[in-house]
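K.L.:
What would the 3D arrangement of this be:
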Amino acid sequence: MATEVGDLEASRNMDPKLKTATKRAQATGRNLLDVPYGDGEGEKLDIYFPEAVSEALPFLVFFHGGYWQSGSKDSSAFMVSPLTAQGVAVVIAAYDIAPKGTLDQMVDQVTQSIVFVQKQYPGNQGIYLCGHSAGAHLAAMMLLANWTKRGVTPNLKGFFLVSGIYDLEPVMHTSENAPLLTTLEDAQRNSPQWRLKTSPAQPVDPACRVLVTVGQHDSPEFHRQSREFYQTLRRGGWKASFEELHDVDHFEILWNLTQKDYVLTQVGRIPSLWTECVLL
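P.N.:
As a prediction, this is how the structure comes out:
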């Protein structure tokens, strides 16, 4: 991976426009902030509700990027307004970033957060996972989660993986690995690309959809990983689709999530969104 990409992500993750959109969502009052989903100090999430609250809402759970070492849920609610306007509840989940958190711990925390949402809202109309960059990696790891071990099977209906990292071995050879201290064993264990190729997992719900996206101006490595992961999913029997989003780079994708007519903020139009994205 290009080191400069990680440096840029760390510096731009707190972009003023994204923080402003997050503050606007927090100010509506239709939310529950800092809800603990586990016992750890960093194991909290924020829930944003639409005006018409019911027992059966679709939920989108978002995991921020930042190369597993920067970013926060407190500046990551920028897509809330366009989604709640469509009747979707949005959950922004925190996890312990490096060096405090290890990759194994982050994956476990993300799993816990989804279990929490399912248990709190068992009548949901579907849980959709979305993550950007490192957050897309964490969301993708949920394709391999052992839900039986957790005692509940979440009602997962879709994955929105935005400019993600699915093969962690290249990260070992960059400065981004310094706070992570990832070994080859760690990288393989936490690489959805490697795991799905070596031990294919079947979808818990055959109807569950996976949308893999990458920005036109993302780096070649993000393009390679996104396409290869999509191909691995298709070979494994997942209902996956690939989209290259035009005229955006690694960060403009995030900025566009604040727009109500953007392809990745149309969850409320499920299942028509998947048809429009040529999901078969």
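K.L.:
Which residue is the nearest non-sequential neighbour of residue 81?
P.N.:
Counting by C-beta to C-beta, 6 or more residues apart in numbering, residue 25 is the residue found nearest to residue 81 once chain neighbours are left out, at 6.0 Å. Using the backbone N, CA and C atoms, a C-beta is placed for each residue, glycine as well.
K.L.:
hang on, the one you found packs against residue 48?
P.N.:
Yes - A contact is recorded between residue 25 and residue 48 when judged using C-beta atoms under 8 Å, the distance being 5.6 Å.
K.L.:
more crowded one of those two?
P.N.:
Taking residue 25 and residue 48 together and counting by other C-beta atoms under 10 Å, residue 48 has the greater number of neighbours (24 against 20).
K.L.:
quick one: terminal-to-terminal distance for stretch 46-55?
P.N.:
Between the opening and closing residues of stretch 46-55 we find a distance of 18 Å, counting by C-alpha to C-alpha, to the nearest Å.
K.L.:
which residues sit against it?
P.N.:
Contacts of stretch 46-55 with the rest of the structure, by C-beta atoms under 8 Å, 6 or more residues apart in numbering, involve 25-26, 28, 30-35, 57, 73, 77, 80, 84-92, 121, 123.
K.L.:
PyMOL command for the buried members of those residues?
P.N.:
This is how PyMOL selects the buried members of the contacts of stretch 46-55, with burial counted by 16 or more other C-beta atoms under 10 Å:
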select buried, resi 25+26+30+31+35+57+73+77+80+84+87+88+89+90+91+92+121
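K.L.:
just the helices in the stretch 151-280 of the chain please.
P.N.:
184-189, 192-198, 220-235, 252-256, 272-276 (DSSP state H, counting those that start in this stretch).
K.L.:
Excluding chain neighbours, what is closest to residue 183?
P.N.:
residue 172 (7.8 Å).
K.L.:
ok, now how distant is the one you found from residue 182?
P.N.:
When distances are taken as C-beta to C-beta, to the nearest Å, residue 172 and residue 182 turn out to be 5 Å apart.
K.L.:
Which one's more surrounded, these two?
P.N.:
When residue 172 and residue 182 are compared for neighbours, residue 182 comes out ahead with 22 against 16, by other C-beta under 10 Å.
K.L.:
show me what contacts that one?
P.N.:
The contact partners of residue 182, by C-beta under 8 Å, 6+ apart, come to 103, 168, 171, 172, 190.
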